[in-house]
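Just a sequence and a predicted model for now, questions to come.
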Amino acid sequence: MKLKIPFNKAFVTGRELEYISQAIENSHTSGNGEFSKKCQSLMQDAFSAHKILLTTSCTSALEMGVLLCDLAPGDEVILPSFTFASTANALVLRGITPRFVDIRPDTKNLDESLIEAAICERTKAIMPVHYAGVGCDMDTIMQLAGKYDLSVIEDAAQGVNAEFKNKFLGTIGTLGAYSFHETKNYSSGEGGALIINNEDMIERAEILREKGTNRTKFARGEVDKYTWVDIGSSYLPSDILAASLYAQLEALDDINEMRKSVFQMYSDRLQPLVAEGFIELPYLPEECRTNYHMFYLLASDLSVRTALSEHLREKGILAVFHYVPLHNSPMGKKLGCGVERLPITDQVSERLLRLPFYCDLTEAEVDTICDEIHAFYASH
Ligand SMILES: *Cc1c(COP(=O)(O)O)cnc(C)c1O
C-alpha cells in the first residue's frame with residue numbers, strides 16, 4: 001500500500017535557498033561564517049542563553065559536553081534508558097558508565113524522585129532528556145546536582161524553543177545540546193548546537209570544536225597564529241548549513257504555532273478515546289511550555305499497539321514507535337546494563353505510538369488519521 005500520509009516532512013520556510021546562495025557568494029562556506037554567527041546570536045537572544053555554538057549535530061554537542069565536564073573513564077553518569085543512543089554514546093565513547101534510571105509515567109522524562117538513590121561516589125553528572133519537548137523537573141535535578149556537586153548536561157535535542165518555569169530548555173544545566181536534524185522542529189538536515197551556561201567553559205568549547213586548536217581566537221585577532229592546544233575534533237558545521245538553519249530560526253514562533261495547532265487538533269479528536277479508557281495522551285505539566293515536538297498515544301499494551309499501527313499502515317498512514325530502551329538494546333546488554341529494573345521504561349516503550357506530525361499536516365489529514373483510530377477501537 002502506497003503511503004498517503006508520511007510520518008514526518010521537514011518544513012521549508014522558503015528562504016533557505018536564498019540564504020544558501022548568499023553563503024556561497026560570501027566565499028566563507030566553512031564554519032564560523034556570517035550565517036553561523038547569525039544563528040548563534042538569534043538563539044542567544046531568543047532563549048536568553050549566555051553562549052551558543054553551532055555544531056554538526058546534537059550528538060557532537062553531547063560529546064563536547066562530556067569533554068567539557070572533564071568526565072573520565074570509570075565515572076558514572078545518570079540518564080534515562082528511554083532515549084536515543086547518542087545520549088549514552090557520548091559517555092561510552094569516553095569509558096564512562098551510563099547509569100540508567102526509570103522515567104515518569106506521565107511525561108516519560110527522567111523520574112526525579114529516583115535520581116538520589118542512584119547517586120554513588122563515582123557519579124559525576126546527570127543527563128536529563130526533555131522528551132517530546134516537555135521539560136524535565138529541572139528544579140529537583142539542579143538541586144541534587146548542587147548537593148552532590150554534579151554537572152548537568154541537558155539533552156534538549158527535542159526541546160528547542162520550549163520552557164520549564166520560564167527558562168528555555170538547554171539553558172538551565174551546566175550545558176545543553178540542541179538538534180537540527182531533519183526530524184526535529186527546526187532543521188538543516190543535520191545540525192546541532194551546544195548551549196554553554198558556564199562562562200568558564202566557553203574558551204575550551206571553542207577549542208574542542210576547532211580540532212583542538214585556538215583558531216577561533218585567531219579569527220578574532222586575539223592571537224597572531226593558531227596551533228594545537230588541547231584535544232578536540234571537527235564539530236563545526238559548514239556556513240552553508242547554517243544559512244539553511246537561519247531561514248528556519250527566523251520562523252521560530254511561526255513554526256511553533258503551526259505545530260501547536262496540529263497538536264490541538266489531535267488532542268481534541270482523540271479525547272473521546274481517552275474518556276473511554278482506550279488510550280492515554282501526552283501530559284503537559286503546568287510549569288512547562290512545550291514546543292509540540294511530537295504527538296503520541298499510549299495503547300493499553302504491546303499487542304494492541306501492534307494491531308493499531310498495522311491498521312494505520314494498511315490505510316496508508318505511517319505511525320512509528322521508539323525507543324528500544326537502551327538497557328535492553330544489544331549494545332546496552334553488551335555493556336552489562338540489562339540488569340536494571342526499569343518497569344515504566346519497559347511499559348512505555350511497548351505501548352507508545354507516534355502519529356504523523358509536521359507543520360503542513362492538514363486538518364483533513366488529521367481527521368483521516370483520527371477517524372481510522374476511532375474505527376480501529378470501534379472494532380476492538
Ligand atoms: C534526535 C536526538 C538526538 C540526536 O540528534 P542529532 O542532531 O541527530 O545528533 C539525541 N538525543 C535525542 C533525545 C534526540 O531526540
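That came through fine.

Count the neighbours of Ala364 for me.
Ala364 has 8 neighbours, counted by other C-beta atoms under 10 Å. Bear in mind the C-beta positions are built from the backbone N, C-alpha and C, glycine included.

nope, Asp70 is what I was after
12.

is it true that it lies in a helix?
No: secondary structure of Asp70 (DSSP: H, G, I helix; E, B strand; the rest coil): coil, not part of a helix.

Phi first, then psi, for it.
phi 60, psi 40 (degrees, to the nearest 10).

and what of Leu93?
phi -60, psi -30.

Retrieve the pLDDT associated with the residue positioned nearest the centre of the chain.
The centroid of the chain falls nearest to Ala157 when counting by C-alpha atoms, centre = their mean (1.9 Å). As summarised for this prediction, Ala157 has a pLDDT of 98.

Which strand or helix spans it?
Per DSSP states H and E: Ala157 is located in neither a helix nor a strand.

helix or strand for Leu67, which one?
Short version, using DSSP H and E: Leu67 is in helix 58-68.

which strands and helices sit next to that helix?
The helices and strands touching helix 58-68, judged by 3 or more C-beta pairs under 8 Å, 6 or more residues apart in numbering; DSSP states H and E, are helix 85-92, strand 151-155, strand 175-179, strand 192-196, helix 202-209.

now for the second one, which elements pack on it?
Contacting strand 151-155 under the criterion 3+ C-beta pairs under 8 Å, 6+ apart are the following elements: helix 58-68, strand 123-126, helix 138-148, strand 175-179.

got any ranges where the protein has weak pLDDT?
1-2, 338-339 (pLDDT under 70).

domains of it?
Following automatic domain parsing, one gets these domains for the chain: 16-249, 252-378.

which one of those lies closest to the ligand?
Closest of the domains of the chain to the ligand is domain 16-249, at 3.3 Å (criterion: C-beta to the nearest ligand atom).

circling back to that earlier point, now, of the domains of the chain, which is deepest in the fold?
domain 16-249 (a mean of 20; mean count of other C-beta atoms under 10 Å).

so who does Ile317 touch?
Going by C-beta atoms under 8 Å, 6 or more residues apart in numbering, Ile317 touches Leu3, Lys4, Ile5, Pro356, Thr368, Ile369, Glu372.

what about it, distance to Glu199?
Plainly put, Ile317 is 49 Å away from Glu199 if you go by C-beta to C-beta, to the nearest Å.

Could you grab the helix/strand/coil label for the residue of the chain positioned farthest from its centre?
Largest separation from the mean C-alpha position in the chain: Asp224, at 38.4 Å (C-alpha atoms, centre = their mean). Here Asp224 is recorded as coil under three-state DSSP.

what about the one helix or strand Leu241 maps to, near the ligand?
Applying DSSP H and E as the criterion places Leu241 in helix 239-249. No: Helix 239-249 does not reach the ligand (C-beta under 6 Å from any ligand atom); its nearest approach is 11.7 Å.

Counting by contacts, list what the helix or strand that that helix is followed by packs against.
Elements were assigned by DSSP H and E; along the chain past helix 239-249, the next helix or strand is helix 252-275. Counting contacts by 3+ C-beta pairs under 8 Å, 6+ apart, helix 252-275 is packed against helix 363-378.

Return the helix it packs on as PDB; C-alpha atoms alone will do.
Extracted in PDB, the C-alpha atoms of helix 363-378 (Å, rounded to 0.1, in the frame of the first residue of the first chain):
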ATOM      1  CA  GLU A 363      -6.900  19.300   9.200                       C
ATOM      2  CA  ALA A 364      -8.400  16.800   6.700                       C
ATOM      3  CA  GLU A 365      -5.400  14.600   7.200                       C
ATOM      4  CA  VAL A 366      -5.600  14.700  11.000                       C
ATOM      5  CA  ASP A 367      -9.300  13.900  10.500                       C
ATOM      6  CA  THR A 368      -8.400  10.900   8.300                       C
ATOM      7  CA  ILE A 369      -5.900   9.600  10.900                       C
ATOM      8  CA  CYS A 370      -8.200  10.100  13.900                       C
ATOM      9  CA  ASP A 371     -11.200   8.500  12.000                       C
ATOM     10  CA  GLU A 372      -9.000   5.400  11.400                       C
ATOM     11  CA  ILE A 373      -8.000   5.300  15.100                       C
ATOM     12  CA  HIS A 374     -11.700   5.600  16.100                       C
ATOM     13  CA  ALA A 375     -12.600   2.900  13.600                       C
ATOM     14  CA  PHE A 376      -9.900   0.600  15.000                       C
ATOM     15  CA  TYR A 377     -11.200   0.900  18.500                       C
ATOM     16  CA  ALA A 378     -14.800   0.500  17.400                       C
END
